[in-house]
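In: next one to model:
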Amino acid sequence: MLFTCINGFSQPVTLDEALEQAGRTIANSLEAGTLVALVSFPAASDELAHYSVDSLLSSMVNSGHLRVISQHRVNQIFSEFGLSLASPISDTAALMIGSLLGAQVIVTGSLTRFSDGYRLAVQSVDTSTSIIRTFSIMQHVTPPIPISQRPLAPAGEREPMYLSQNFSLSMLGYTFSPDTPVGFTAGFANFYTSWGFNFPSWLGHDRNQKYITASAKEQDANKYLTLRPTGSKNTQERQIVDGFLGYNINIIPGFLHIPVGLGIRIARDWNLFNNVLWEHVTSEDEHGNIIIDEKDLEEVPPPYGQEWYARIPGWYVHPAVELGVMAQWRFLYLSTTYAVVIPTGKDHYKTVDHRFSIGVGLNRDMSNRNSSSSPRGGGFTLY
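Out: All right, here's what the predicted structure looks like:
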């Protein structure tokens, strides 16, 4: 049985409307439960071919009247023969592919460009008898306009770029600051976490977990003094762990961001002291301060000598905030932030830390208005 549908109207019809009508025509003309395969759809471009195939398949499947072979299976057959769904094939080859798929009816189509638009032709053929079951032609078809070619909306209707949150940023990089020279930053979906560490060198001396409360000297049960060196360098060290959780605000998506974060600083201070036997005390000055001869210090036997003592028994824990700016170029990013550490208790030290980070930044366009014709739609994009 042959069905022919010709659109003879001069008014243009959209490609979506034409494919929807062609799919309904096929579904209405075949028996319920007919097994159908779409085996060929050459078009002016691969993009238009895939778009047309998806729309036509959607129309046939959503009719609820037909059984449609998955396009994944059809593509497997095409790859075995080195063919493409968008490439023209003969009627004989189309019937052979349909038989290999076990289809009762094959569907083929084409989208040809003319001066006044496109012409859509869709037909269905019985694989057992080679009889054409339906044949549809649509003139004056207008395909969807790719986003890259669409005109800009009037200025009052455009979305302000600085308010756009449609780009999701993921990142991984190295972070440095004068207080924490070792660190990293990692993020996903615009959220990020940043960590910094300071590992003292200790200068080869041991750490004594006993903390010193007196600033000058203290006698203990072992009959030795702990005397803080004066006038020497590297007599103070600080263990630091910084941790931040923040969000990158898109200013210019894919180029300029504002990182804002909250975090904590965990720190512990250490001072280097001389352990001196009482017998090496030579004299006291007029104020009662002990005077130690440096030559005597060199002769102090083990286990005495210099050791690190903590200022307090535990760790300082400070809240912190950070704010900065981050720039991207292609897949690289560079950020600089200022972290303000809020002092607690009697611990007073530098409260502003200048942090730098460099690494890899990936953006994903999360906008729903990007169709499959958008060059950025779908997956991650390197900028």
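
In: give the contact list for Leu262.
Out: By C-beta atoms under 8 Å, 6 or more residues apart in numbering, the contact list for Leu262 reads Phe244, Leu245, Gly246, Pro319, Ala320, Val321, Glu322. Where you see a C-beta, it was placed from the backbone N, CA and C, and this is true even at glycine.

In: where does it sit, in terms of helix or strand?
Out: Element membership of Leu262, judged by DSSP states H and E, is strand 256-277.

In: so which bits of that strand are buried?
Out: Within strand 256-277, the residues scored as buried using 16 or more other C-beta atoms under 10 Å are 257-259, 261, 263-265, 267-276.

In: which residue ranges make up the domains of this protein?
Out: 4-145, 163-381 (automatic domain parsing).

In: out of these, which one sits most buried?
Out: Ranked by mean neighbour count, these are led by domain 4-145 with a mean of 17 (mean count of other C-beta atoms under 10 Å).

In: which regions of the stretch 251-383 of the chain sit below the pLDDT cut-off?
Out: Within the stretch 251-383 of the chain, the segments meeting pLDDT under 70 span 274-305, 345-350, 364-383.

In: helices of that one, residue ranges please.
Out: 294-298 (DSSP state H, counting those that start in this stretch).

In: go on, the stretch 51-200 of the chain?
Out: 71-80, 91-101.

In: among the ones you listed, which comes closest to Ser357?
Out: Comparing the helices of the stretch 51-200 of the chain against Ser357 with C-beta to C-beta, the closest turns out to be helix 71-80 (42.5 Å).

In: before we move on, the earlier item: hey, least reliable of the helices of the stretch 51-200 of the chain by pLDDT?
Out: Mean pLDDT is lowest for helix 71-80 out of those, coming in at a mean of 85.

In: so what touches that helix?
Out: So helix 71-80 is in contact with Ala37, Leu38, Val39, Val53, Leu57, Ser84, Leu85, Ile97, Leu100, Leu101, going by C-beta under 8 Å, 6+ apart.

In: now do that helix against helix 91-101, angle only.
Out: 120 degrees (axes from the mean of the first three to the mean of the last three C-alpha atoms, to 10 degrees).

In: in the stretch 101-250 of the chain, what spans have low per-residue confidence?
Out: When residues are selected by pLDDT under 70, those of the stretch 101-250 of the chain lie in 116, 144-167, 209-234.

In: how about a cut-off of 90?
Out: Scanning the stretch 101-250 of the chain with the threshold set as pLDDT under 90 gives 111-120, 130, 132-170, 178-179, 189-190, 200-238, 250.

In: which residues of it fall in strands?
Out: Taking DSSP state E, counting those that start in this stretch, the strands of the stretch 101-250 of the chain run over residues 105-114, 117-126, 132-142, 167-176, 182-188, 191-198, 206-211, 224-227, 236-252.

In: pipe these into TSV and attach distance to Gly33 per row.
Out: Below are these laid out as TSV (distance: least, C-beta to C-beta, whole Å):
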stretch	distance to Gly33
strand 105-114	11
strand 117-126	15
strand 132-142	15
strand 167-176	43
strand 182-188	46
strand 191-198	49
strand 206-211	80
strand 224-227	92
strand 236-252	51
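
In: of all these, which lies closest to Glu307?
Out: strand 206-211 (4.5 Å).

In: mind listing what the strand holding Leu262 pairs with, with the direction of each?
Out: Applying DSSP bridges to the sheet, strand 256-277 is found paired with strand 224-227 (antiparallel), strand 236-252 (antiparallel), strand 305-310 (antiparallel), strand 316-329 (antiparallel).

In: wait, which of these is closest to Thr193?
Out: strand 236-252 (5.3 Å).

In: with just CA atoms, put that closest one into PDB.
Out: Taking Å, rounded to 0.1, in the frame of the first residue of the first chain, the C-alpha atoms of strand 236-252 are listed here in PDB:
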ATOM      1  CA  GLN A 236      60.900  30.500  66.700                       C
ATOM      2  CA  GLU A 237      58.900  28.100  64.500                       C
ATOM      3  CA  ARG A 238      55.200  27.700  63.800                       C
ATOM      4  CA  GLN A 239      53.200  24.700  62.600                       C
ATOM      5  CA  ILE A 240      50.200  25.800  60.500                       C
ATOM      6  CA  VAL A 241      47.300  24.100  58.800                       C
ATOM      7  CA  ASP A 242      44.900  26.400  56.900                       C
ATOM      8  CA  GLY A 243      41.600  25.100  55.400                       C
ATOM      9  CA  PHE A 244      39.000  27.100  53.400                       C
ATOM     10  CA  LEU A 245      35.700  26.200  51.800                       C
ATOM     11  CA  GLY A 246      34.500  28.700  49.300                       C
ATOM     12  CA  TYR A 247      32.600  29.600  46.100                       C
ATOM     13  CA  ASN A 248      33.800  31.200  42.900                       C
ATOM     14  CA  ILE A 249      31.400  33.900  41.800                       C
ATOM     15  CA  ASN A 250      31.200  34.200  38.000                       C
ATOM     16  CA  ILE A 251      31.800  37.700  36.800                       C
ATOM     17  CA  ILE A 252      32.800  37.000  33.200                       C
END
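
In: got the contact list for Pro319?
Out: Counting by C-beta under 8 Å, 6+ apart, Pro319 touches Leu262, Gly263, Ile264, Val341, Ile342, Thr344.
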